[in-house]
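> quick check, what structure comes out for this input:
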Amino acid sequence: MLRSLTLWVILGVTLSLAAPQSGKVRSVLGDVSFKKKGKGDWASLRVGAKVQEKDVIQTEIESGVLISMPDGSTISIEENALVEFSQILMIKDSQVSEVDVKKGMLRFDAQKQKGPQSKFRFRTGTATASIRGTDGVIGVTEGGLPYGALNTGEMVMEEDGKEISVKAQQYVAFRKGQAPVVVEAKNAGDLDFIKTLSAAVDDTAKSVEDIQASAREIDAKIEKRNEDLRLQYKCRLYSVPPVISTNTVTIEALCSPGVTVTLGSETFESSGQTLRFTPSWTDGAFGEKKFRMTCSVEKNTFECGNISFVYRVDRRIKFMRYDEHKCEALYATTGFNGNDGKLRVYVGDSLLRDLMLERDIAASFPLLPGVNTYRIVPENEDSSVGVIERELKCFPKTGVKIQLRNGNKAVFKKKVSQGAAVYPELEFDVVKVVNNDPSQIKSVEASVNGKPCELKMIPSESGLGYSTKLQVRRGKSTKVDIKVTMLSGEVAKESKIFEYK
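Sure, this is the predicted structure:
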């Protein structure tokens, strides 16, 4: 009976807002057929076809198909296999996929995503394994024994409640009623290694020690072969920026003529000229991206380079304009679409606004009266990126007025012997000033016959109080003109007459 294996590959996803996605067929070798939604007759699978939920793919002997997933991961279904794509979703910024391996084996190169609950699940039944951003092989032997092998990364496999940690350069197989077979090998994920060793695992006469000894012998031969091939066929990968902000990148390589080179879902035959690969992924599938380059020649495949970078879109703010009389500032955001994060506005060290944005917006925030320094901070891995700092003014029009104390006329009557002049105080209040803040005022002036008076501030119960001392001569009227000019542009005027009789 064919035993089965379930492999869970956890890549990090937020569990809401799920949207169906599709993989894409990048290359087909030999006889590959499929059933749409698992129904109807078998049809030939062609390059460029979409692979969607419930699609079933079957490969014959010496056949295979390479499929790219929305996040940039790849799945290569090897010969004589039967696979169902049970689920392909994008949930917020990450991917959830479930692939049911019913027969044969497949290679996977799973990108590590940023989301905390992403899933990329391979299922074949009773055993499970959890993986984050790794590449290797999963399948069942001809005798129906489930196995997994890794080139890089780590996974936890489980069957019948028992877990085993599988590390890079390890092959693990489950034999019925026995402890798992664990093999250390530099080439654990090599297809020739797996095919040869899986035959040994199926041989019930072989002990674990026999299998491990066979593995060492197979691994040494493959390693020697690969070293010879690397010396004969050389490849150089050109570097890319450490951070990529678009959902595609151009990766260049220079390889010896006559070698077939694969990176991600693209394969080229080298003529000795520069090769250009353009892997891509869905917007929002953020995080580290790793691409392993393999070279094939004389039916032998070996790793000939690898490259990694981070896909990250920084959230940024564009300051548009502000109105110092309406006391509001306008701004627009970029980088929040499919990349939700916080946006904070500070006045000095005080938090004015704390927003959680799921998309880009154009909006405004209120300004506090006066002249203040505002800092707009979008949430980014590098906390200094995207920060804008501006000194902004807020001088609203409020209908400012001048209130004279004791009316707009004062008359003094004294005896002649009491002197030729009196020295009264002119007192007034400036009202309807925001928060009674004197910084809202441009100037306060008082003058007699065009000659300015010296003003001082005094306590006020209604606004901002001012006073000046005057000289009023006997028998003459003295008119004092008062003018208040606001930074908002408003102007208030009043006058008061003093008489000494």
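
> list of residues touching the helix of greatest length in the chain?
Determined from DSSP state H, the single longest helix within the chain is helix 208-232. Contacts with helix 208-232, where a contact means C-beta atoms under 8 Å, 6 or more residues apart in numbering, come from 171, 178-179, 181, 183-188, 190, 192-193, 196-197, 200-201, 206, 256, 295, 297, 300, 302-304. Where you see a C-beta, it was placed from the backbone N, CA and C, and this is true even at glycine.

> one more time with 6 Å
Helix 208-232 is contacted from outside by 181, 183, 185, 186, 187, 190, 193, 196, 197, 200, 302, using C-beta atoms under 6 Å, 6 or more residues apart in numbering.

> my guess is the first one contacts residue 171, does it?
No - using C-beta atoms under 6 Å, residue 181 and residue 171 do not qualify as a contacting pair, with a distance of 7.9 Å.

> neighbour-wise, which of these two wins?
residue 171 (29 against 21; other C-beta atoms under 10 Å).

> and the more buried one, what does it touch?
149, 183, 188.

> which residues touch the first one?
Looking back up the chat, that one is residue 149. Contacts of residue 149 were listed using C-beta under 6 Å, 6+ apart, and they are 136, 137, 171, 188, 189, 194.

> again, only this time at 7 Å
By C-beta atoms under 7 Å, 6 or more residues apart in numbering, the contact set of residue 149 is 136, 137, 170, 171, 188, 189, 194.

> you'd agree the last one is in a helix?
In other words, residue 194. Yes - with DSSP: H, G, I helix; E, B strand; the rest coil as the criterion, residue 194 is part of a helix.

> go through the longest helix of the chain and flag the buried ones.
By neighbour count on 16 or more other C-beta atoms under 10 Å, the buried set for helix 208-232 is 208, 211, 212, 214, 215, 218, 219, 222, 223, 225, 226, 229.

> equivalent analysis for stretch 355-364, please.
For stretch 355-364, the neighbour count (16+ other C-beta under 10 Å) marks residue 357 as buried.

> lowest-confidence helix or strand of the chain?
Among the helices and strands of the chain, strand 5-10 carries the lowest confidence by mean pLDDT, DSSP states H and E, at a mean of 35.

> how much space is there between residue 463 and residue 450?
26 Å (C-beta to C-beta, to the nearest Å).

> and the two? which has more neighbours close in?
residue 463 (17 against 6).

> got a list of what the more buried one touches?
Residue 463 touches 429, 430, 431, 433, 436, counting by C-beta under 7 Å, 6+ apart.

> wait, a strand at residue 200?
No - remark: residue 200 does not belong to a strand; assigned using three-state DSSP, it is helix.

> verify the stated contact: it with residue 194.
No - applying C-beta atoms under 7 Å, one finds residue 200 not in contact with residue 194, separated by 10.8 Å.

> which one's more surrounded, the two?
Shown here are residue 200 and residue 194; by other C-beta under 10 Å, residue 194 has more neighbours (27 against 20).

> I'd assumed residue 137 was in contact with the more buried one.
Yes - between residue 194 and residue 137 there is a contact under C-beta under 7 Å: 5.7 Å.

> show me where the stretch 151-300 of the chain has its helices.
191-202, 208-232 (DSSP state H, counting those that start in this stretch).

> same question for the first one: list its buried residues.
Of the residues in helix 191-202, those with enough neighbours to count as buried (16+ other C-beta under 10 Å) are 191, 193, 194, 196, 197, 198, 200, 201.
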